[in-house]
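Chemist: here is my input, please return the structure:
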Amino acid sequence: MRKHRGFTLIEVLVAMAVFAVAAMAVLNATGQHVNSLGALEEKTFASMVADNQLALFVLEDKPLSSAKNGKSEMAGREWFWTVKPIATSDNLLRAVDVIVWRDERRQSSLVTVRTYVPAN
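Modeler: Sure, this is the predicted structure:
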């Protein structure tokens with residue numbers, strides 16, 4: 001009598017269960033990667049907005065006595081920012097922070113960038 005070769009039903013079911021678990025892990029990792037890409041893109045644009053505002057501040061070369069609020073458009077979105085002076089113990093330098101928010105309520109900042117400029 002000839003032996004039949006092949007897989008039993010139990011072996012096939014176990015193989016399918018292992019594949020299903022592996023596929024779910026891959027889908028979960030892909031979803032997390034897509035979510036983190038969106039957050040990284042948002043932070044990158046916010047950093048560009050902050051850098052632009054710092055460059056404008058340095059080019060103006062005017063002393064800043066209080067915080068200055070504004071908004072900019074970049075990548076088809078509106079970004080809200082604040083440029084504010086920070087007290088330092090050194091009379092030769094002054095610190096300036098630029099804080100960027102996604103919404104006008106300014107509740108949760110995306111990026112804060114600090115620079116030091118010579119005191120006038």
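
Chemist: can you pull the buried residues of stretch 93-109?
Modeler: 94, 96-102 (16 or more other CB atoms under 10 Å). (Each C-beta comes from the backbone N, C-alpha and C, glycine too.)

Chemist: cool, and stretch 57-75?
Modeler: Buried, per 16+ other CB under 10 Å, within stretch 57-75: 57, 72.

Chemist: sorry, back to before: from the buried residues of stretch 93-109, pick the one nearest residue 59.
Modeler: residue 96 (12.8 Å; CB to CB).

Chemist: the residue positioned nearest the centre of the chain: what secondary structure?
Modeler: In the chain, the centroid-proximal residue (CA atoms, centre = their mean) is residue 43; its distance is 2.7 Å. Look at residue 43: counting by DSSP: H, G, I helix; E, B strand; the rest coil, its state is helix.

Chemist: relative to residue 17, how far out is it?
Modeler: According to CB to CB, to the nearest Å, residue 43 stands 40 Å off from residue 17.

Chemist: what's the answer for residue 28, then?
Modeler: For residue 28, the distance to residue 17 - CB to CB - is 17 Å.

Chemist: tell me which element residue 25 is part of?
Modeler: Residue 25 belongs to helix 9-60 when assigned by DSSP states H and E.

Chemist: that helix packs against which elements?
Modeler: strand 68-74, strand 77-86, strand 93-101, strand 109-118 (3 or more CB pairs under 8 Å, 6 or more residues apart in numbering; DSSP states H and E).

Chemist: so can I have JSON lines of the ones you listed showing distance to residue 4?
Modeler: Converted to JSON lines, these look like this (distance: least, CB to CB, whole Å):
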{"stretch": "strand 68-74", "distance to residue 4": "68"}
{"stretch": "strand 77-86", "distance to residue 4": "65"}
{"stretch": "strand 93-101", "distance to residue 4": "69"}
{"stretch": "strand 109-118", "distance to residue 4": "64"}
